[in-house]
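**Student:** Here's a sequence, model it:
(one chain, ligands or ions: 1)
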Amino acid sequence: RSGRSAALRARMEERLLGARFRYLNQQLYTGSSQDAAQLFRSDPAAFHLYHRGFERQVRRWPERPVQRIVRYLRRRPASLVVADFGCGDCTLAASVRNQVHCFDLVPLSPRVTVCDMAKVPLAAESVDVAVFCLALMGTNLQEILGEANRVLRLGGTLMVAEVASRFEDIRAFLKAMTQLGFRTVSKDLSSSYFYLLEFAKTGPARSGPAAGLRLRPCLYKRR
Ligand code: SAH
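**Tutor:** Numbering: from 1, shown residues only. Below you'll find the model as predicted:
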């Protein structure tokens with residue numbers, strides 16, 4: 001009897017965690033990066049809960065997108081300096097020889113510098129590769145990508161791995177990226193799970209709204 005009620009309680013707790021994860025996830029995708037920073041500052045436990053949910057979600061995928069970024073970096077010189085925006089558990093930094101600046105809202109690893117990705121503590125034109133792996137979450141995309149542009153040296157690389165279904169119009173998105181000072185170098189749209197986009201910095205971001213720079217929120221279904 002007590003075995004059955006323990007199992008029932010475990011199932012209820014699981015459901016509750018799932019519901020809280022989906023709620024937090026929705027907040028991250030429908031608010032600005034500043035809102036996200038505020039949310040996790042006021043409730044650090046929420047962040048850990050979010051990450052448990054994220055891990056569970058990613059395990060269902062055939063491949064973790066961050067592994068694609070790891071393979072990409074291993075083909076390039078280890079001397080390149082990398083900035084990982086929304087680094088999560090720092091899998092990237094742990095998997096390559098490069099110097100990697102890891103930025104996230106709460107430290108899942110001691111390597112993390114805690115900050116809002118829209119404002120990272122790096123000098124202008126100080127990195128060779130900027131990475132957003134499933135991390136373009138805030139609604140202020142232009143500001144976030146503008147920050148990546150600021151810290152990248154001219155000709156530097158921007159790598160974006162994002163959930164495929166978030167793109168409403170990939171052509172419009174890539175066009176908007178040119179206004180932000182990025183040329184498309186390659187795009188892998190072959191996976192139905194996530195797209196992998198590689199850009200090169202052509203110059204500073206131009207001001208004015210970049211139409212087409214829109215991503216749908218990534219909302220998870222109840223399971
Ligand atoms: N890049 C990692 C984690 C992706 S999950 C991987 O591929 O495994 C997205 C991450 O972005 C989370 O760790 C979340 O905390 C972080 N994040 C979301 N909004 C942020 C913000 N405004 N500033 C910094 N990090 C943010």
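
**Student:** Report the distance from the longest helix seen in the chain to the chain centre.
**Tutor:** For the chain, the longest helix by residue count, based on DSSP state H, is helix 2-30. Relative to its chain's centre, helix 2-30 lies at 24 Å (CA atoms, centre = their mean, to the nearest Å).

**Student:** Buried residues, it. List them.
**Tutor:** Arg20, Phe21, Arg22, Leu24, Asn25, Gln27, Leu28, Tyr29 (16 or more other CB atoms under 10 Å). C-beta coordinates here come from the backbone N, C-alpha and C atoms, glycine included.

**Student:** give me the subset of these touching the ligand.
**Tutor:** Leu28 (CB under 6 Å from any ligand atom).

**Student:** any chance you could map the strands in this protein?
**Tutor:** Secondary structure of the chain, counting by DSSP state E: strands at 82-85, 100-104, 112-114, 127-133, 152-163, 182-188, 194-201.

**Student:** For the ligand, find the nearest of those.
**Tutor:** Of all these, strand 127-133 sits nearest to the ligand, with 3.6 Å by CB to the nearest ligand atom.

**Student:** Tell me the strands beside that closest one, with direction?
**Tutor:** Taking DSSP bridges as the criterion, strand 127-133 forms sheet pairs with strand 82-85 (parallel), strand 152-163 (parallel).

**Student:** residues making contact with the first one?
**Tutor:** Around strand 82-85, the neighbours that count as contacts under CB atoms under 8 Å, 6 or more residues apart in numbering are 73, 90, 92-93, 96, 98-103, 117, 120, 122, 127-133, 135, 144, 147-148, 151.

**Student:** Just the buried ones from those residues, in ChimeraX syntax?
**Tutor:** Only the buried entries of the contacts of strand 82-85 go into this ChimeraX selection, using 16+ other CB under 10 Å:
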select :73,90,92,93,96,98,100,101,102,103,117,120,122,127,128,129,130,131,132,133,135,144,147,148,151
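
**Student:** which ones among the contacts of strand 82-85 come in contact with the ligand?
**Tutor:** Near the ligand, by the rule CB under 6 Å from any ligand atom, you find Phe103, Met117, Cys133, Ala135 out of the contacts of strand 82-85.

**Student:** Pull the contacting residues for the residue positioned nearest the centre of the chain.
**Tutor:** Geometric centre of the chain, nearest residue: Ala135, 1.1 Å, by CA atoms, centre = their mean. Residues counted as contacts of Ala135 (CB under 8 Å, 6+ apart) are Phe85, Gly86, Cys87, Gly88, Met117.

**Student:** Mind putting those into JSON lines with pLDDT and distance to Leu49?
**Tutor:** Output for the contacts of Ala135, formatted as JSON lines (pLDDT from 0 to 100; distance: CB to CB, whole Å):
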{"residue": "Phe85", "pLDDT": "98", "distance to Leu49": "22"}
{"residue": "Gly86", "pLDDT": "97", "distance to Leu49": "17"}
{"residue": "Cys87", "pLDDT": "98", "distance to Leu49": "18"}
{"residue": "Gly88", "pLDDT": "95", "distance to Leu49": "14"}
{"residue": "Met117", "pLDDT": "98", "distance to Leu49": "20"}
